[in-house]
Structure formats: C-alpha cells, structure tokens
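Novice: the following comprises the amino acid sequence and a computationally predicted model.
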Amino acid sequence: MASSPLLIVTERLVLRPPRAADAAAVLDLLNDPETIRWNPAAEVLDLASAEAWCVRAGLWAGGSWETGDHATWHAVALQDDEFAANVSVFEVDDDHRTAKVGYRVTAGCRGRGLGTEALRAVTDWAFANLNLARIQLEHALGNTASCTVAERAGYRLEGVLRSAYLDGAGVRHDEHVHGRLATDLPPK
C-alpha cells in the first residue's frame with residue numbers, strides 16, 4: 001500500500017482528500033437512512049451545504065498535522081472512481097499519542113469489505129505518520145455492520161459505554177468501544 005499525507009492507495013481504493021466535486025455523492029451518503037440513524041451530519045441539507053462540508057473536510061485532510069487534530073479522506077474505487085466511503089481521524093492527542101476514527105460507507109458499497117479496507121488503510125497511515133500508540137472508535141450496539149468493520153480492521157472490542165449515543169431519531173443507545181494499538185498484530 002502506498003501512502004502520503006494526501007493519498008493512500010489500497011488494493012481496490014484510493015483514499016484522497018474530499019473535493020467539492022464529491023458533493024452529490026456526499027449528499028446521497030449523508031441522506032441515506034442508515035447513515036442518518038447511526039452517523040448523521042445535520043449540517044448537510046442540500047448540495048450547497050454538502051459542497052461546503054467537502055471543502056471543509058478537504059482542508060482537514062490536506063492540513064498541517066503539526067497544529068491539526070482532524071483529517072478526512074474520501075475512498076473511491078480504483079476500478080470506476082465510485083465514491084465508497086469516508087474515514088476521519090480526529091481528536092488527535094499528541095500528549096497521550098491517541099486518536100479516534102470514524103467512517104461511513106455508502107449504501108451501494110456496504111457488504112463488499114470496502115469499509116474495512118478503508119479503515120485499515122487510514123489506521124495504518126495514522127500509526128505510521130502520527131506517532132500514535134492507540135486509536136479508538138465507538139459505535140452504537142445496534143449498528144452491527146459497524147462492529148463487523150471495526151473487528152475486521154483489527155479493532156478489539158474493549159467494553160460498553162451505557163446510554164452514550166443519541167441516534168438521528170433521538171433514541172439513546174449503548175455503545176461499543178473498540179481499540180487498536182500500534183503494537184497489535186495487523187489483522188489478517
């Protein structure tokens with residue numbers, strides 16, 4: 001896998017900074033009922049706000065890690081440039097050498113392993129480039145697809161946060177906490 005601060009290439013994906021031209025695909029992703037349920041972005045309501053979201057996220061992905069604590073990549077299929085997912089590293093804490101990661105997978109790409117591939121790639125990049133010791137993610141217990149992605153990307157289930165997540169419909173859920181350490185063996 002090749003990588004750089006702006007570009008990560010895997011077997012089936014190119015992960016790159018978001019672009020304004022991604023706005024229509026992002027609007028579809030963020031208006032998908034499953035995305036709204038588990039990972040809403042309330043500020044994205046139309047094409048203009050989706051474009052602004054992409055531009056802002058693109059600045060994070062291409063920004064300076066010396067002062068930043070957030071980066072987002074858009075994963076597109078190498079074969080046909082189909083928008084597949086977005087992955088963000090955030091809450092980077094240089095003192096504790098920790099960060100969090102989150103992801104969303106488009107409806108048409110779910111169940112194909114592309115979310116796992118994108119998460120693995122960004123995780124590997126973050127460990128190699130940010131001097132992190134630990135990366136963590138959380139998801140609602142009911143979001144079993146996200147649990148599968150996390151586990152297949154090498155994130156171990158560590159515990160449950162009770163009533164920690166408020167979903168897009170205003171319902172509270174317990175959350176799984178998954179973690180991956182820089183010293184963990186890579187997933188198979």
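Specialist: Yep, that arrived.
Novice: around residue 53, count how many other residues there are.
Specialist: Neighbours of residue 53 under the rule other CB atoms under 10 Å: 22. For every residue, glycine as well, the C-beta is placed using N, CA and C.
Novice: can you give me the pLDDT of it?
Specialist: As predicted, residue 53 sits at a pLDDT of 84.
Novice: what about stretch 14-25, how long is it end to end?
Specialist: Terminal residues of stretch 14-25 lie 16 Å apart, using CA to CA, to the nearest Å.
Novice: over to stretch 105-114?
Specialist: 8 Å.
Novice: swap in stretch 74-87?
Specialist: 7 Å.
Novice: average pLDDT for it?
Specialist: pLDDT averaged over stretch 74-87 gives 92.
Novice: buried set for it?
Specialist: 74-77, 83-87 (16 or more other CB atoms under 10 Å).
Novice: dump those into CSV; add secondary structure and distance to residue 136 as well.
Specialist: Listed next are the buried residues of stretch 74-87 as CSV, based on DSSP: H, G, I helix; E, B strand; the rest coil; distance: CB to CB, whole Å:
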residue, secondary structure, distance to residue 136
74, strand, 22
75, strand, 20
76, strand, 26
77, strand, 28
83, strand, 26
84, strand, 23
85, strand, 19
86, strand, 18
87, strand, 14
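Novice: mind listing the strands for the chain?
Specialist: Assigned by DSSP state E, the strands in the chain fall at 2-3, 8-9, 13-16, 70-77, 83-93, 98-105, 134-140, 156-166, 172-181.
Novice: if we can go back for a sec, what is the most widely separated pair among the buried residues of stretch 74-87?
Specialist: Within the buried residues of stretch 74-87, 77 and 87 form the most distant pair, 14.5 Å apart (CB to CB).
Novice: can you say which of the strands of the chain is nearest to residue 149?
Specialist: Taking those one by one with CB to CB, strand 98-105 is closest: 6.9 Å.
Novice: that closest one vs strand 134-140, what angle?
Specialist: 40 degrees (axes from the mean of the first three to the mean of the last three CA atoms, to 10 degrees).
Novice: what packs against strand 98-105?
Specialist: Helices and strands touching strand 98-105, by 3 or more CB pairs under 8 Å, 6 or more residues apart in numbering; DSSP states H and E, are strand 83-93, helix 114-130, strand 134-140, helix 144-152.
Novice: how about a cut-off of 7 Å?
Specialist: For strand 98-105, the packing partners by 3 or more CB pairs under 7 Å, 6 or more residues apart in numbering; DSSP states H and E come out as strand 83-93, helix 114-130, strand 134-140.
Novice: what lies in contact with it?
Specialist: Strand 98-105 has contacts (CB atoms under 7 Å, 6 or more residues apart in numbering) with 29, 35, 39, 84-93, 114-115, 118-119, 122-123, 126, 130, 132-137, 149.
Novice: which PyMOL command selects the buried ones in those?
Specialist: Burial among the contacts of strand 98-105 is assessed by 16+ other CB under 10 Å; the matching PyMOL selection reads:
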select buried, resi 29+35+39+84+85+86+87+88+89+92+114+115+118+119+122+123+126+130+132+134+135+136+137+149
